[in-house]
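1. what's the 3D shape of this:
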Amino acid sequence: MKFLDEAKIYLKAGDGGPGCVSFRREKYVEFGGPDGGDGGKGGNVFFEAVNNLNTLIDFRYKQHFKAESGKNGAGKNRTGHNGKDTVIRVPVGTVVLSEDKKQIYKDFKKKEVFLILEGGSGGKGNHKFKSSTNQAPRHFQKGIKGKEIWVWLRLKLIADIGFVGVPNAGKSTLLSILSNAKPKIADYPFTTVKPQLGVLRFNSGDLVLADLPGLLKGASEGTGLGLKFLAHIERCKAIVHLCDLSEESDLKFIENYKMIRKEIFDYDKKVSEKEEIIVLSKSDLVTEKVIQKRISLLKKLTHSKIKYISSHKNIGLENLKNDLQSFFK
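-> Residues are numbered from 1 along each chain as shown. Alright, predicted model coming up:
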């Protein structure tokens, strides 16, 4: 799937229409006077979160959104038409941030509509300025300008299963084998810089899998792709934590596991409580003795289910699919 998880867009609310200067001059009408109508209100800008979108890719091709301005007032006290609203559809899971990314305007956790900018008010026509001392006013108000802002849209991925692990742990390879996805695969870290989605098909239904960029120490504080990466885990039902068996020492192998668990916990305790399946990858590169030793070390740290696989040798993949299928319940 083509996936875009962040986009910057420009928003402009509609300007209020100007009021009108007009006087009633009808033959045989006894009482004349000012009858300039008010300007129409500018259109609002809304965000609508919907369930049938799962990427921000549309915002790569369109970045400017403007609501219609209100129309001018007219004679006979006629008010100008209000400007049409602009509604921007985004996936559920989108966060709307200020241009500096320090303020959150809205975090869409469900299907709903949010008013981000209100259109400007229409200006008053000259009939509003009539008084006992000024019975033929010739001034009017211009409409109030609509506000304009730049915002960032950030999508928290909605997937059933999220693949996590240190860079080059084998996440992309596993995704390509389990699903129809074709992620970039190479023998160097950070091959994946944006989340990749794939669908694992069963008779009982489909599971959406997400290969998320590799995680570094300090990710919960923004290091590397950290905060963007961690945000995607929030909406996954479960985590598949890939641990690279080809790591030379037992100590480094365990440190990698503990580091990722700590970063997830520091980001959000609730996210760290999601169900986890530990998958020991690249089992074809080590001996059975090494595999069993590292399983024993992990069991001292966690009660999570532990599996070992080799994507290249097709070891353990059917058993892993059976475990993933349990998330349909």
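
2. Pull out the buried positions in stretch 260-270.
-> 260-261, 263-264, 267 (16 or more other C-beta atoms under 10 Å). Every residue, glycine included, has its C-beta placed from N, CA and C.

3. Give the bridge partners for I104, please.
-> I104 has these beta-bridge partners by DSSP bridges: L97.

4. right, and the helix or strand after the lengthiest helix in the chain?
-> Counting by DSSP state H, the longest helix found in the chain is helix 250-267. Of the helices and strands lying after helix 250-267 in sequence (DSSP states H and E), the nearest is helix 269-272.

5. What is that following helix packed up against?
-> Contact here means 3 or more C-beta pairs under 8 Å, 6 or more residues apart in numbering; DSSP states H and E; on that basis helix 269-272 packs against helix 250-267.

6. average pLDDT across the helix it packs on?
-> Mean pLDDT, helix 250-267: 90.

7. helices and strands around it, which ones?
-> Applying 3+ C-beta pairs under 8 Å, 6+ apart, we find helix 250-267 packed against helix 226-233, strand 238-244, helix 269-272, helix 288-299.

8. Quickly list the domain ranges of this structure.
-> 6-155, 161-328 (automatic domain parsing).

9. Least confident of those, on average?
-> domain 161-328 (a mean of 80).

10. can you give me the offset of it from its chain's centre?
-> With C-alpha atoms, centre = their mean, to the nearest Å as the basis, domain 161-328 stands 22 Å off its chain's centre.

11. Stretch 144-154 too?
-> From the chain centre to the centre of stretch 144-154 is a distance of 17 Å (C-alpha atoms, centre = their mean).

12. got the contact list for that stretch?
-> 5-16, 42-43, 56, 59, 67, 69, 90, 94-99, 101, 105, 116-121, 123, 228, 231 (C-beta atoms under 8 Å, 6 or more residues apart in numbering).

13. From those residues, list just the buried residues.
-> Using 16+ other C-beta under 10 Å as the burial test, those include 5, 7, 9, 11-16, 42-43, 56, 59, 67, 69, 90, 94-97, 116-121, 123, 228, 231 as buried.

14. that older thread, among the helices and strands packed on helix 250-267, which is the most enclosed?
-> Among the helices and strands packed on helix 250-267, the stretch with the highest mean neighbour count (mean count of other C-beta atoms under 10 Å) is strand 238-244, at a mean of 23.

15. Please enumerate the strands of the stretch 1-150 of the chain.
-> All strands of the stretch 1-150 of the chain, identified by DSSP state E, counting those that start in this stretch, fall at 6-12, 23-24, 33-34, 45-50, 64-66, 86-91, 94-98, 104-107, 113-117, 148-155.

16. With distance to L324 as extra columns, can I get the ones you listed in JSON lines?
-> Shown next, in JSON lines, are the strands of the stretch 1-150 of the chain (distance: least, C-beta to C-beta, whole Å):
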{"stretch": "strand 6-12", "distance to L324": "28"}
{"stretch": "strand 23-24", "distance to L324": "76"}
{"stretch": "strand 33-34", "distance to L324": "74"}
{"stretch": "strand 45-50", "distance to L324": "27"}
{"stretch": "strand 64-66", "distance to L324": "39"}
{"stretch": "strand 86-91", "distance to L324": "23"}
{"stretch": "strand 94-98", "distance to L324": "27"}
{"stretch": "strand 104-107", "distance to L324": "28"}
{"stretch": "strand 113-117", "distance to L324": "35"}
{"stretch": "strand 148-155", "distance to L324": "23"}
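
17. closest to D211 out of those strands?
-> Closest of these to D211 is strand 148-155, at 15.5 Å (criterion: C-beta to C-beta).

18. tilt between the closest one and strand 45-50?
-> Orientation check (axes from the mean of the first three to the mean of the last three C-alpha atoms, to 10 degrees): strand 148-155 against strand 45-50 gives 10 degrees.

19. The closest residue to K130 other than its chain neighbours and F129, how far apart?
-> In space, and not counting its chain neighbours, K130 is closest to P34: 5.3 Å by C-beta to C-beta, 6 or more residues apart in numbering. Counting by C-beta to C-beta, to the nearest Å, the separation of P34 from F129 is 7 Å.

20. anything in contact with each of those two?
-> Shared contacts of P34 and F129 (C-beta under 8 Å, 6+ apart): P137.

21. more neighbours, these two?
-> Shown here are P34 and F129; by other C-beta atoms under 10 Å, P34 has more neighbours (23 against 18).

22. List the residues that contact the closest residue to F265 other than its chain neighbours.
-> Distance criterion C-beta to C-beta, 6+ apart; nearest residue to F265, sequence neighbours excluded, is S272 at 4.1 Å. With contact taken as C-beta under 8 Å, 6+ apart, S272 is in contact with 261, 264-265.

23. Can you lay out the residues you listed as CSV showing distance to G83?
-> What follows is the contacts of S272, written out as CSV (distance: C-beta to C-beta, whole Å):
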residue, distance to G83
R261, 52
I264, 46
F265, 48
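
24. Now do the end-to-end distance for stretch 14-28.
-> End-to-end distance for stretch 14-28, by C-alpha to C-alpha, to the nearest Å: 40 Å.
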